[in-house]
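> here is the input, now give the coordinates:
(2 chains)
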Amino acid sequence: MHGISFDIAHLLAGSLVLISFLELYQDRLYALLNVYALHALVLAASVAWQAFIQDAPHLYVTALIALVFKAIVIPTALHRIIVRLGIHREIEKVVGVGPAMLAGIGLVALSMVVMLRVTQEADPLAREDLAFALSVVLLGLLMMVTRRNAVSQVVGFMSLENGLVLAATGAKGMPLVVEISVAFSILIAFIVIGIFLFRIRERFDTVDVQVLDRFRGERR
Amino acid sequence: MTFGALTFGPIAFDPLVGVLIVPAAAAALLAALPGYRTTARLNVVATTLTLLCALSLFFVRPAPGSYLLVDDLNGTFIVLTTFVGFTTSIFSASYIGHELDIGRLTPPFVRFYHAMYQVLMFAMNLALTANNIGLMWVAVELATLTTVLMVGIYRSHEALEAAWKYFILGSVGIALALFGTILVYMAARPVIGEGLDAMVWSVLVKRAGAFDPALLNVAFVFLLLGYGTKVGLAPLHAWLPDAHAEGPTPISAVLSGLLLNVALYALLRFKMLLAVNPGALAPGPLMVTLGLISLVFAAFMLYRRRDIKRLFAYSSIEHMGIITFAFGMGGALANFAGLFHMTMHSLTKSAIFFAVGHVAQVKGTQRIADMGGLTETHPVLGWGLVLGVVAIAGLPPLGIFMSEFLVVSSTFAREPALAIILVFGILVGLAGLFLRLNSIAFGEPRGPSAPAQASYVPMFTHLALVLAAGIYMPPALVAWFQNVAGLLG
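Numbering: from 1, shown residues only, chains lettered A, B, ... in the order given. Predicted coordinates:
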């Protein structure tokens, strides 16, 4: 009854959730970055599809940002950074794959229950889009808390942000989407293009956030 | 008093534009100019101009557009922000001069610092004047970014770690706030229709009664967690003490005195939306709970602090807790008390940070154990700090005593049980502060006793205002606050 446009939008949004799960258990930084690039690629396709079915040309700009900036520029830059830092072989996790996946499934169930219940009056496309988007956001958060490595925390944050862009484009006719995605890209550029990672390396000889924790708290 | 724009000959003067353009232009100029002396003065000139524009908003009230809005509520916030921004820029000039002398900051970093200071003022003013909830979010994000950069400006281990922590927690906070903003749009769309209007706050608040309450509820939870992180409410406060302790002290003053208020302001705007909708949950109890948790938690945390700036950072969490609590209680009296307390806290806490900045500079450390007998070695600075702590602890006759008294008495009349927790938290905090103050200001003098090259004017101006407000509130000011408290519902 929904037609093909609904099915494709659904497929793309669902794939984003699936790729978020893929990210959860990648235990090598290279693989993680590749999966993230795929995440951004699917996001770009999803946004472009929304632009097409909503007949909203400005969303193509958001799709283009996702494609060029998130799927190509950022992963390439991060690749270079981890090679320069010599950490491309390591990855460490606080919890194992099993518990992380279970927690992820729980979060997806939670977002389905919450969003589908409260959006009964919205149109079905936006509804399910929103439920998927919240899942992606929560999975990104989960990734940020289960990882210790600064680079994988950033990847977690970026996939969280992809979820937000998905939500914003799914909300039909929402103004300022392009501006918001630009603002977010600036935010990410800030993190990635150096400042912190290079400085952290300079000072600590590691990007393991746990080492940073040594310096926390009171001066003694 | 609504006139639209005043015209002087051919040039139309719009104070609202001035509040935004002046800091933006100053940021560009300061980024381009070398030389500490000129730029520090220019920084003061820019904040003075911004303050004048903000004050003229009382006389010239532009009509609300789809992006910007000025009403009595944010007028109060803007004047407070630009005033503290102005006095902090004076303090900053002498503070940064000293940092340059001892080589803790180099000229390029000072140039960067001044430009960022103005960008931060711009972002806060934009967040306060935004009528569009999307624009408001972008402005809060910009303010977060600039403060992250300034917190990390010393490039030490601790400063970088503080900046990273602030950055990650702050980003997650604003990400959640954006999700909440999108949900508000989703709730508004069926009623208002697609497009820009469904994100304009003044339109939303007129039609919010017809929104889907369930969607609004979920949206508010996200907004509360998101902007609440920026307010520094426990348990989302982890970034706050580090960011205050490791950044330059003028930034600690602006963070505590202003940025926390801006985030709270964003929350209040959404609370007003929910208040219009009869089916939506009451946001009050959520805010009351978070406020009380922050108050009691921070009060206990005051006892074991060894770092002077960290001590007052926890005190800020405590007071943001009280303010959030008061706004959560709602009603004319509690809102009045909350607004009054917020104003008093901004003035007092920034005055304390002005004192602390100079104290840390003369003693060469932020460790409380290494500074003793400050009232003997540096009487003016020492007694200024004592006065500030007496004020922030809520002793009469200073302004914070009055505002805390109002919060407590209005709560006693309605929810005596909550008032007991409130009083308990305030007393625990008071004792903790005095315990620490005793070892800083009195006792055996410790550390260097070289005279301070300080500008005392900003600190004593703030303290005098707080003292004056505690002794006598002009009826016009009371009427103004009552009017704004009425708006908050």
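
> so does the longest helix along chain A get close to chain B?
For chain A, the helix with the greatest residue count under DSSP state H is helix A:29-54. No - shown here: helix A:29-54 not in contact with chain B (Cβ under 8 Å from any Cβ of the partner chain), separated by at least 9.3 Å. All C-beta spots, glycine's among them, are computed from the backbone N, C-alpha and C.

> buried sites along that helix?
Neighbour counts over helix A:29-54 (16 or more other Cβ atoms under 10 Å in any protein chain shown) mark A:29-30, A:32-33, A:35-52, A:54 as buried.

> what's it packed up against?
helix A:4-24, helix A:58-65, helix A:74-85, helix A:150-170 (3 or more Cβ pairs under 8 Å, 6 or more residues apart in numbering or on different chains; DSSP states H and E).

> what angle do helix A:29-54 and the last one make with each other?
Orientation check (axes from the mean of the first three to the mean of the last three Cα atoms, to 10 degrees): helix A:150-170 against helix A:29-54 gives 10 degrees.

> same deal with the first one?
Helix A:4-24 and helix A:29-54 are oriented at 160 degrees to each other (the same axes, to 10 degrees).

> and for the second one?
Angle, helix A:58-65 to helix A:29-54, by the same axes, to 10 degrees: 170 degrees.

> avg pLDDT for helix A:58-65?
The pLDDT scores in helix A:58-65 average 90.

> export the helices and strands packed on helix A:29-54 to JSON lines and append columns for mean neighbour count and distance to residue B:439.
Shown next, in JSON lines, are these (neighbours: other Cβ atoms under 10 Å in any protein chain shown; distance: least, Cβ to Cβ, whole Å):
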{"stretch": "helix A:4-24", "mean neighbour count": "18", "distance to residue B:439": "49"}
{"stretch": "helix A:58-65", "mean neighbour count": "19", "distance to residue B:439": "54"}
{"stretch": "helix A:74-85", "mean neighbour count": "17", "distance to residue B:439": "43"}
{"stretch": "helix A:150-170", "mean neighbour count": "25", "distance to residue B:439": "37"}
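
> of all the ones you listed, which lies closest to residue A:99?
Nearest to residue A:99 among those is helix A:4-24 (10.5 Å), distances taken as Cβ to Cβ.

> mind checking the SS state of the residue in the stretch 51-200 of chain B that chain A sits nearest to?
When distances are taken as Cβ to the nearest Cβ, the stretch 51-200 of chain B reaches nearest to chain A at residue B:194, 2.9 Å away. Following DSSP: H, G, I helix; E, B strand; the rest coil, we place residue B:194 in the coil state.

> over to residue B:451?
Three-state call for residue B:451 (three-state DSSP): coil.

> gap between it and residue B:457?
17 Å (Cβ to Cβ, to the nearest Å).

> the two: which is more packed in?
Between residue B:451 and residue B:457, counted using other Cβ atoms under 10 Å in any protein chain shown, residue B:457 has the larger neighbour count: 13 against 10.

> show the pLDDT at the residue lying closest to the more buried one once chain neighbours are set aside.
Nearest non-adjacent residue to residue B:457, counting by Cβ to Cβ, 6 or more residues apart in numbering or on different chains: residue B:90, 6.6 Å away. Residue B:90 carries a pLDDT value of 94.

> helix or strand: which one has residue B:423?
Residue B:423 is part of helix B:416-441, with elements assigned from DSSP states H and E.

> touching chain A at all, that helix?
No - judged by Cβ under 8 Å from any Cβ, helix B:416-441 makes no contact with chain A; its nearest approach is 12.7 Å.

> quick check: next helix or strand after that helix?
Using DSSP H and E, the helix or strand that follows helix B:416-441 towards the C-terminus is helix B:457-471.

> which strands and helices lie in contact with the host helix or strand of the residue nearest to residue B:457?
Element membership for residue B:90, per DSSP H and E: helix B:72-101. Packing partners of helix B:72-101 (3+ Cβ pairs under 8 Å, 6+ apart): helix B:36-56, helix B:107-129, helix B:249-254, helix B:260-276, helix B:331-363, helix B:457-471, helix B:475-488.

> mind putting those helices into TSV with mean pLDDT?
Formatted as TSV, the helices and strands packed on helix B:72-101 follow (pLDDT from 0 to 100):
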stretch	mean pLDDT
helix B:36-56	91
helix B:107-129	93
helix B:249-254	94
helix B:260-276	94
helix B:331-363	93
helix B:457-471	93
helix B:475-488	91
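
> residue A:118: which of these is closest?
Nearest of those to residue A:118, taken as Cβ to Cβ: helix B:260-276 at 14.1 Å.

> for stretch B:235-253, measure first residue to last.
Using Cα to Cα, to the nearest Å, the gap from the first to the last residue of stretch B:235-253 comes to 22 Å.

> that stretch near chain A anywhere?
Yes - on the criterion Cβ under 8 Å from any Cβ, stretch B:235-253 is in touch with chain A at residue B:242.

> buried ones in that stretch, by neighbour count?
So for stretch B:235-253, counting by 16+ other Cβ under 10 Å, buried means B:236-253.

> quick check: closest non-adjacent residue to residue 176.
Using chain A here. residue B:134 is the one closest to residue A:176 (Cβ to Cβ, 6+ apart), at 3.8 Å.

> can you look at chain B instead?
residue B:226 (3.6 Å).

> now stretch B:354-370 - C-alpha only, PDB.
Only the C-alpha atoms of stretch B:354-370 are listed here, as PDB (Å, rounded to 0.1, in the frame of the first residue of the first chain):
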ATOM      1  CA  PHE B 354      38.200  37.700  38.900                       C
ATOM      2  CA  ALA B 355      39.700  37.400  42.400                       C
ATOM      3  CA  VAL B 356      40.700  33.800  41.900                       C
ATOM      4  CA  GLY B 357      42.500  34.700  38.700                       C
ATOM      5  CA  HIS B 358      44.700  37.200  40.400                       C
ATOM      6  CA  VAL B 359      45.200  35.000  43.400                       C
ATOM      7  CA  ALA B 360      46.400  32.200  41.200                       C
ATOM      8  CA  GLN B 361      48.700  34.600  39.400                       C
ATOM      9  CA  VAL B 362      50.300  36.100  42.500                       C
ATOM     10  CA  LYS B 363      50.700  32.700  44.200                       C
ATOM     11  CA  GLY B 364      51.700  30.900  41.000                       C
ATOM     12  CA  THR B 365      49.500  28.000  41.700                       C
ATOM     13  CA  GLN B 366      45.900  26.900  41.900                       C
ATOM     14  CA  ARG B 367      46.500  24.500  44.800                       C
ATOM     15  CA  ILE B 368      44.600  25.600  47.900                       C
ATOM     16  CA  ALA B 369      47.300  24.100  50.200                       C
ATOM     17  CA  ASP B 370      49.900  26.500  48.700                       C
END
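
> centre of the chain to that stretch, how far?
22 Å (Cα atoms, centre = their mean, to the nearest Å).

> repeat that for stretch B:194-214.
The chain centre lies 28 Å from the centre of stretch B:194-214; the measure is Cα atoms, centre = their mean.

> what's the answer for stretch B:394-409, then?
In terms of Cα atoms, centre = their mean, the centre of stretch B:394-409 is found 19 Å from the chain centre.
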